[in-house]
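After the sequence you'll find the predicted model.
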Amino acid sequence: MKLRIESAGNTLSPSLKKFASEKLGSLDKYYKDIQEIEVILSYEVKGGKDTVNCVLNIRVPGKDINIKSKSNIFEDAILKAADSAKSKLRTRKTQDIKAQRAKSPNRKVAAKKAL
C-alpha cells in the first residue's frame, strides 16, 4: 500500500506526515486490497473562520472510495476521515464476501440439500 500526502499551498511538517501515515496505515487491516491512499490537505479562510479540508482517495480494485472531512485543525480532519474510511472499507469488505458466497457453487448445492 502506498501513501501519498499532499497539501495545496502549505508545507507539511514531518510530525504531521508521520501522524497521517500512522492513522491511515492502519486501514490495511480493514481491507487487504488497498493499492494507494492519497491524502489532500487544504487550508481555507472563509468569513474569518479557518477551516481545514481533508480529502482521502482510496484506490481499491473496482470502484475507488472518496472521503471528505472538515475541521479546525489538521489532525482532527485526518482522524475524522480515517474513521469514515474504516466504516466504508468494512462495508466494502462485507459486500465482497457476500458476492463471493453468492458465486460459490457449493453454497447453492448445500442450500438445495437442506430443503
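Good, I have the coordinates.

What would the host helix or strand of Ile37 look like as PDB? C-alpha coordinates only.
Ile37 is part of strand 36-46, with elements assigned from DSSP states H and E. Once non-C-alpha atoms are left out, strand 36-46 reads as follows in PDB (Å, rounded to 0.1, in the frame of the first residue of the first chain):
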ATOM      1  CA  GLU A  36      -2.900   3.500  -2.700                       C
ATOM      2  CA  ILE A  37      -4.200   6.200  -0.300                       C
ATOM      3  CA  GLU A  38      -3.900   9.800  -1.500                       C
ATOM      4  CA  VAL A  39      -4.400  12.400   1.200                       C
ATOM      5  CA  ILE A  40      -5.000  16.000   0.100                       C
ATOM      6  CA  LEU A  41      -5.000  18.600   2.800                       C
ATOM      7  CA  SER A  42      -6.100  22.200   2.200                       C
ATOM      8  CA  TYR A  43      -6.500  25.200   4.400                       C
ATOM      9  CA  GLU A  44      -9.200  27.800   3.800                       C
ATOM     10  CA  VAL A  45     -10.300  31.100   5.400                       C
ATOM     11  CA  LYS A  46     -13.900  32.000   4.900                       C
END
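
Listing partners with orientation, what would you give for the helix or strand following it?
Using DSSP H and E, the next helix or strand after strand 36-46 towards the C-terminus is strand 49-59. Strand pairing for strand 49-59, using DSSP bridges, gives strand 36-46 (antiparallel), strand 65-71 (antiparallel).

follow-up on the earlier one: pLDDT on the strand holding Ile37, on average?
Strand 36-46 shows a mean pLDDT of 92 in the predicted model.

So for that strand, what gets flagged as buried?
By 16 or more other Cβ atoms under 10 Å, the buried positions in strand 36-46 come out as 37-39, 41. Quick note: C-beta positions are derived from backbone N, CA and C, even for glycine.

again, but for stretch 62-72
Going through stretch 62-72 with 16+ other Cβ under 10 Å, the ones that come out buried are 65, 67, 69, 71.

again, but for stretch 54-63
Residues of stretch 54-63 classed as buried under the neighbour-count rule (16+ other Cβ under 10 Å) are 54-56, 58-60.
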